[in-house]
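> predicted structure and sequence below. I'll ask about it afterward.
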Amino acid sequence: MISLRATMTVDERFDLVVVGGGIVGLAHAWLASERGWKVAVLERSPRAVGASIRNFGMIWPIGQAPGRGLMLALRSRQTWERVAREAGLWTDGIGSLHLAYHADECAVIEEFAAGASSHGYVVGMLTPAEVAAISPAARTEGLLAGLLSTTEMCVDPRRAIPGIIARLRERGVFVQSGCDVVQVRSGEATCADGSCWRGKHVLVCSGEDVRGLFPEAYAKVTLCKLQMMRTEPQPQKWRLGPMLAAGSTLRHYASFRNCSSLSLVQARFARERPEFDRFGIHVMVSQASNGQLTIGDSHEYADGFDPFLRDDIDRLILEYLSMFVRMPEPRIAERWYGVYAKCTDGEIALVASPMAGVWIVNALGGAGMTLSFGLAEETLARLDDSGQP
């Protein structure tokens, strides 16, 4: 058992101590440092290994529900552009395409497009010929229509997270890796090595670790395991064009849930592809900076998972992908699974203050890359209200 009695207090006192060096914690650290706050980030792993690098790299406003979710996503996208310029990160603001191959799918995207502008979405309907003109990857055989959104942006998470950390350090943010925080109290975070980090505010962004610090705050949070893949780099600088999704994705994102026509899509998938509901499969593809295509994914919700990849899930994803995407190099180079925390009460994220001077921001439900910077703006505004450091 680790004793917390004999601790080494770090000489410096910070305005903000962030527990967790994933994208949620880093977004808060970045915006706090822009305000001139003195910030420390404490990350238990020696390098980024969690959900923040195991994803598509999609900044995905089109998937967020109208209102606060979409607003946070659009704010985040603007901040990502600024962060990328300053940190020298690769980005691709190519947008997204949802492809419809069935009449019920076409009805959904038409219904969505009809009311999209009133909510702040920037979309347009495309004919198959118009899809072909902007997407070298989209299969047009049997294609009825496409929904183009211009707000989506892609980053390469495996490079973006280390790049943000490097720039934060250059700006004077103290980022301590290999620092496992085992206790948080008002004004301090204590690590397993006995070091005690003091701050006016302590912010806990612990990712999938929902049982370590303040487990009682996570009563309405579950964990999600997802499977993903990457191809070999595509040859001759071939580019995907807009990030692609099809009918299966209409079932997944909150933005489409108010479409009355969606029920027919859901019923057809339940009837024809029940395994998609069983494993939470919807299929999307993005392209990384090195030309690899990132493909996924599945969603299995539980308190614990087996540590193994399921080949049958990967086969289902790839079979469905082949129906709407063609690529020069389909060979799979990498397979992995990720785990993220998700609220079960419909909230965008878990935001709570379990004690004075301590905040939890977590459980963004797979939308960390999309929402983190916008959510960080909200959090820091709350800390301002409690007293500017």
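Perfect, I can see it now. Small disclaimer: the values here were computed from a predicted structure and weren't measured.
> give the closest residue to Asp303 in space, chain neighbours not counted.
Among residues not flanking Asp303 along the chain, Leu223 sits closest, at 6.4 Å (CB to CB, 6 or more residues apart in numbering). No exception for glycine: its C-beta is placed from N, CA and C like everyone else's.
> pretty sure that neighbour is touching His299, no?
No: in this structure, Leu223 is not within contact of His299 by CB atoms under 8 Å, at 10.6 Å.
> contact partners for Gln373?
Actually, residue 373 is Phe. It isn't Gln. 27, 30-31, 75-76, 79-80, 83 (CB atoms under 8 Å, 6 or more residues apart in numbering).
> nearest to Gln292 among the residues you listed?
Trp80 (20.4 Å; CB to CB).
> sorry, back to before: the contacts of Phe373: which two are farthest apart?
Trp30 and Arg75 (13.3 Å).
> for the stretch 151-300 of the chain, what spans make up the helices?
157-170, 247-250, 262-272, 274-278 (DSSP state H, counting those that start in this stretch).
> any idea how many residues pack against Gln65?
Check again: residue 65 is Ala, not Gln. Number of residues near Ala65 (other CB atoms under 10 Å) recorded here: 17.
> separation between it and Leu99?
As judged by CB to CB, to the nearest Å, Ala65 and Leu99 stand 22 Å apart.
> can you check Gln78 too?
Counting by CB to CB, the separation of Gln78 from Leu99 is 27 Å.
> and the two? Which one has more around it.
Neighbour count, other CB under 10 Å: between Gln78 and Leu99, Leu99 has more, with 28 against 11.
> how about that one, phi and psi?
Main-chain dihedrals, Leu99, degrees, to the nearest 10: phi -100, psi 140.
> contact partners for it?
So Leu99 contacts 131, 138-139, 143, 146, 244-247, 324 (CB under 8 Å, 6+ apart).
> relative to Ala51, which of the residues you listed is nearest.
Nearest to Ala51 among the contacts of Leu99, with distances taken as CB to CB, is Ala245, at 19.8 Å.
> now that closest one. Nearest residue, chain neighbours left out?
Per CB to CB, 6+ apart, closest to Ala245 is Met284, 4.5 Å.
> give me the pLDDT value at that neighbour.
pLDDT for Met284: 98.
> do I have it right that it meets Ser298?
No: using CB under 8 Å, Met284 is not in contact with Ser298; the gap is 11.6 Å.
> can you tell me the strand partners of the helix or strand of the chain with the lowest mean pLDDT and which way each runs?
Using mean pLDDT, DSSP states H and E, strand 8-19 stands out as the lowest-scoring helix or strand of the chain, at a mean of 88. Strand 8-19 has the following strand partners under DSSP bridges: strand 39-42 (parallel), strand 195-204 (parallel).
> could you dump it to PDB, C-alpha only?
Presented in PDB, the C-alpha positions along strand 8-19 are these (Å, rounded to 0.1, in the frame of the first residue of the first chain):
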ATOM      1  CA  MET A   8       7.300  15.900  -1.100                       C
ATOM      2  CA  THR A   9       5.700  19.200  -1.900                       C
ATOM      3  CA  VAL A  10       6.600  20.800  -5.200                       C
ATOM      4  CA  ASP A  11       8.000  24.200  -4.500                       C
ATOM      5  CA  GLU A  12       5.900  26.000  -7.200                       C
ATOM      6  CA  ARG A  13       2.200  26.800  -6.700                       C
ATOM      7  CA  PHE A  14       0.100  26.700  -9.900                       C
ATOM      8  CA  ASP A  15      -3.000  28.400 -10.900                       C
ATOM      9  CA  LEU A  16      -4.300  25.100 -12.400                       C
ATOM     10  CA  VAL A  17      -3.100  21.500 -11.900                       C
ATOM     11  CA  VAL A  18      -4.500  19.200 -14.600                       C
ATOM     12  CA  VAL A  19      -4.700  15.500 -13.900                       C
END
